[in-house]
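*Asks:* please work out how this folds:
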Amino acid sequence: MKFVNWLDLEPRPAVAVKNGDDAVLETNIRHANITGYYEREARATWALFRSLCDKPSKDADRDDGRKLVAHFENEGLKSASIRKKVGWLVAAVNLAISEGRLRFNPFSNVVPGATTSNGACRSTKPTWRNASAISTS
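*Replies:* Residues are numbered from 1 along each chain as shown. I've put the predicted structure just below:
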């Protein structure tokens, strides 16, 4: 058996330094009781945003949110997947706004796609104007 000298191995990369901006995401994760895969996805999206944008969250604007969306588009993700990932940040910032920590959400309405004026996804299901038109036979 060969002895491994642990000192010869490359050092582990430094863990990202947490700052006051990270409290926005942490509060939302605790508040909404997000765990497991969704927690990891939310944290990964937040970390990616922090790596793409060097300014504090209070100074971020929609261009910074669009930069995150452009990164996901360059990875080949579809708009629904991008909307899901960015949705974690939309929810976290909306909670921070309601608690008075932030004043503006740089992630709202930055994902292109089929949305209504209030940001909700349009349904692709057909609507029935007259329920009696459906035959029950």
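*Asks:* any stretches of this protein with poor pLDDT?
*Replies:* 1-18, 114-137 (pLDDT under 70).
*Asks:* ok, which stretches of it are helices?
*Replies:* Applying DSSP state H to the chain gives helices spanning 22-31, 36-52, 62-74, 79-98.
*Asks:* out of the ones you listed, nearest to residue 112?
*Replies:* helix 79-98 (6.1 Å; CB to CB). (C-beta placed from N, C-alpha, C; glycine too.)
*Asks:* that closest one vs helix 62-74, what angle?
*Replies:* For helix 79-98 against helix 62-74, the angle between stretch directions is 150 degrees (axes from the mean of the first three to the mean of the last three CA atoms, to 10 degrees).
*Asks:* which residues are contacting helix 79-98?
*Replies:* Helix 79-98 is contacted by residues 24-25, 27-29, 31-32, 34, 38, 41-42, 45-46, 49, 57, 65, 68-69, 72-73, 77, 102-108, 110-113, 121 when judged by CB atoms under 8 Å, 6 or more residues apart in numbering.
*Asks:* weed out the non-buried ones from those.
*Replies:* Among the contacts of helix 79-98, the ones that count as buried by 16 or more other CB atoms under 10 Å are 24-25, 28-29, 34, 42, 45-46, 49, 57, 65, 68-69, 72, 102, 105-108, 110-111.
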